[in-house]
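>>> With the sequence up front, the predicted model follows.
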Amino acid sequence: MDNSSYVTYLVMDGHIELHKYRYFYFIITLTVYLLIICCNVVVIFVIYTNKCLHEPMYIFIAALLFNSLFGTTAFYPKLLSDFLSERQVTSYSACLFQAFFIYTYAASEFALLTAMAYDRYVSICKPLQYATLIKISTVKKLLLCCCFFPACEIGTLIILTSRLQLCKFHLDRIYCNDYSIAKLSCGDTSVTNLYGLFCVTLTVFPALIFIIYSYVRIFEICLKNSKEFRRKALQTCFPHLFILISFCVFSCIEVITPRLEGNIPHTISEIMPILGLVFPPLINPIMYGLKLQEIDSKIKKIMFNAGMKVPVLLPFSSQLVGWTSVVQLESLFNELFQRVWCVTSGQLIFDPAAEALLEGVAQAKAQPISSEMTYATSEHSVGSLEGCC
């Protein structure tokens, strides 16, 4: 504790052999954090930039992924800083803020998953009323509730914890949580513990009861409809159900593990709670990016268009006309590639309709074109065309 400036500092004693594996921990953690940022940002960007995805289901997905970024930002930067620091310390106020942001992230995650379950329930069980019940204004209200009420709930818990008088200043954790902070107090913590139990009950059980009810009704409707209807319904529900189950498991680990200190090895007690800040933020965008066809197709389109330039070499007076962007001629080349017969030694063999399309390109550029065209292709380009051969 450093009282020189009337600031209380806590020492983070949860790190395992940090002096030996400091840089290894740093590289692994930084890699995970960058993956989380990239995966979530890509899906959010796709939803934001495609107006056809500005629908309630995709808006909820974007909000869920943004919440993941919010929660991980409260955890990873401080952890990375500790890995490179000689002393792993944090001020008491910063510790309380970190606990507030992480707990708010968890509570908002449950609220958002509940709102998404309601959206799926209405779309599958009451499709004729969907436009009436799930309006954009309704979505905005639900999102506000999913952010505001968890913040108020957790804010009250942190205020109660901050009023406790500390008599210990070594936190046996690598990040701050409310239960571990309360254990540092030498006073009565019964009020804080009871309110914490109330928060867990209020956050988890109503959400789980409603989600279970909604999925029971969804499965009932699926059993009464065609196989194709069941396939489409389960395709949209599976990512949500998988994410819900995984998040519940990791949340249980976070709640139970600190209360079992002394009964389980120290390494396990440190690693298990942070899994909730590693796997859900990483799994969420992957599940929604791969399992939902609309998002998956948009991501592939962006990666194809932005990932390379296609060189088109047009012979004219022994000079080569340079590079043409796929983005500029996207619609034309989509049609052109469908007419490709095969790729052999870097050259494309076209049918007459493809030849006509190429002549159209040349005329549009006001440049003559010979009867032959050489297509200089990269390995990635050839791979993308193999499906046509």
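Structure's in. What do you need? For clarity, every value in this text was computed on a predicted model and none was experimentally measured.
>>> So, low pLDDT: which residues of this protein?
1-6, 261-262, 291, 304-389 (pLDDT under 70).
>>> how many other residues sit next to T257?
Using other CB atoms under 10 Å, T257 has 20 other residues around it. In short, each C-beta sits where N, CA and C put it, glycine included.
>>> Let me see the contact set for L64.
The contact partners of L64, by CB atoms under 8 Å, 6 or more residues apart in numbering, come to 109, 112-113, 116, 243, 284.
>>> if I look at P56, how far off is S180?
38 Å (CB to CB, to the nearest Å).
>>> swap in T104?
T104 is 17 Å from S180, by CB to CB.
>>> Kindly report the same for Y58.
Y58 is 37 Å from S180, by CB to CB.
>>> what does A151 give?
From A151 over to S180 (counting by CB to CB), the distance is 21 Å.
>>> and the two? which has more neighbours close in?
S180 (19 against 16).
>>> Please identify the helix or strand for the more buried one.
helix 178-182 (DSSP states H and E).
>>> CSV for the contacts of L64, including distance to Y23 and neighbour count?
Compiled in CSV, the contacts of L64 are given as follows (distance: CB to CB, whole Å; neighbours: other CB atoms under 10 Å):
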residue, distance to Y23, neighbour count
E109, 32, 27
L112, 36, 24
L113, 37, 22
M116, 40, 26
I243, 33, 19
N284, 29, 25
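>>> Going by distance to N40, which of the residues you listed wins?
Using CB to CB, N284 comes nearest to N40 of the contacts of L64, at 7.2 Å.
>>> did I read that right, that closest one in a helix?
Yes - N284: assigned to a helix according to DSSP: H, G, I helix; E, B strand; the rest coil.
>>> how close does it sit to Y215?
Taking CB to CB, one finds N284 at 19 Å from Y215.
>>> go on, T90?
For T90, the distance to Y215 - CB to CB - is 41 Å.
>>> Tell me which other helices or strands the helix or strand where I243 lies touches.
Assigned by DSSP H and E, I243 falls within helix 227-256. Counting contacts by 3 or more CB pairs under 8 Å, 6 or more residues apart in numbering; DSSP states H and E, helix 227-256 is packed against helix 92-125, helix 190-224, helix 266-274, helix 279-291.
>>> Measure how far it is from the centre of its chain, please.
Between the centre of helix 227-256 and the centre of its chain there are 14 Å (CA atoms, centre = their mean, to the nearest Å).
>>> What residues sit buried inside that helix?
Neighbour-count burial for helix 227-256, counted by 16 or more other CB atoms under 10 Å, picks out 233, 236-237, 239-241, 243-244, 246-248, 250-251, 253-255.
>>> likewise stretch 271-281?
Those would be 272-274, 276-278, 280-281, for stretch 271-281 by 16+ other CB under 10 Å.
>>> ditto for stretch 286-301
Neighbour-count burial for stretch 286-301 [16+ other CB under 10 Å]: 287-289, 292, 294-295, 298-299.
>>> Kindly report the same for stretch 209-219.
Buried residues in stretch 209-219 (16+ other CB under 10 Å): 211, 214-215, 218.
>>> What is the most widely separated pair among the buried residues of stretch 286-301?
The most widely separated members of these are M287 and K298, with 15.7 Å between them, by CB to CB.
>>> ok, which stretches of the stretch 1-150 of the chain are helices?
18-49, 56-73, 76-83, 92-125, 130-133, 136-162 (DSSP state H, counting those that start in this stretch).
>>> List the buried residues for the longest one?
Of the residues in helix 92-125, those scored as buried under the neighbour-count criterion (16+ other CB under 10 Å) are 92, 95-96, 98-125.
>>> Could you do the first one as well?
Taking 16+ other CB under 10 Å as the neighbour-count basis, helix 18-49 is seen to contain the buried residues 18, 22, 25-26, 29, 32-33, 36-37, 39-40, 42-44, 46-47.
>>> Nearest to R163 among those?
Nearest to R163 out of those is L18 (CB to CB; 32.1 Å).
>>> residues contacting the closest one?
So L18 contacts 25, 83, 88 (CB under 8 Å, 6+ apart).
>>> surely the first one meets D82?
The one in question is Y25. No - judged on CB atoms under 8 Å, Y25 makes no contact with D82 at a distance of 9.3 Å.
>>> quick check: domain ranges of the chain?
For the chain, automatic domain parsing gives the domain ranges 9-302, 308-388.
>>> Compute the first-to-last residue distance for the longest one.
Right, the one you point to is domain 9-302. 47 Å (CA to CA, to the nearest Å).
>>> still on that earlier bit, distance to S68 added to the helices and strands packed on helix 227-256, as JSON lines?
Putting the helices and strands packed on helix 227-256 into JSON lines (distance: least, CB to CB, whole Å) gives the following:
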{"stretch": "helix 92-125", "distance to S68": "8"}
{"stretch": "helix 190-224", "distance to S68": "17"}
{"stretch": "helix 266-274", "distance to S68": "14"}
{"stretch": "helix 279-291", "distance to S68": "4"}
